[in-house]
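[1] coords please:
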Amino acid sequence: MSLVLQWLAGPVLRLVLAHFDRRIAARGESERLSADLAAEAIRAEMDARSHARSVLLAEQGSFFTAARLGRLMFVVPLGIWWSAVIADSIFAFSWTVAALPSPLDEWAGAILLSLFLVDGLQGAVRATQAGRAGSKGP
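    Sure thing, here's the model as predicted:
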């Protein structure tokens, strides 16, 4: 009886072990492919940022850049609208300043936040980095 069990167990164990080997190899290949895809995505992002930086550097020193004109298209009308609202509130003019419709009211808040908070923080970081670089000395 033990001979029959050993004879049956040998091929069955070999099949089970072969199955596990194939699963481990497939999992390793899957993980390698996932890592390759992630690395490719990171390379693409770095390449896109490099191109964007190149454009920004090329536009430096020019007043009419795409980024500056894009900002002006949104900021100037919002600035005029906010000025009208503030002037009407302070001086009680008889103006009827319309409220911005949705979603423009939310966008206006995001633009204001971007201009004063994000740009202000970026300027502070640049000033801090410039201060550190200048204090290191020769």
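[2] for Ala99, give me phi and psi.
    Backbone geometry at Ala99, expressed as degrees, to the nearest 10, gives phi -80, psi 150.
[3] hmm, it is touching Ala108, no?
    No. At 10.4 Å, Ala99 does not count as touching Ala108 under the criterion of CB atoms under 8 Å. For every residue, glycine as well, the C-beta is placed using N, CA and C.
[4] what sits in contact with each of these two?
    Here Ala99 and Ala108 share no contacting residue, scored by CB atoms under 8 Å, 6 or more residues apart in numbering.
[5] neighbour count: those two, which is higher?
    Ala108 (17 against 9; other CB atoms under 10 Å).
[6] can you give me the neighbour number for Ser54?
    Neighbour tally, Ser54, other CB under 10 Å: 10.
[7] quick one: which helix or strand includes it?
    With elements taken from DSSP states H and E, the one containing Ser54 is helix 2-59.
[8] how about Leu69?
    Going by DSSP H and E, Leu69 is part of helix 66-91.
[9] brilliant, that's me finished.
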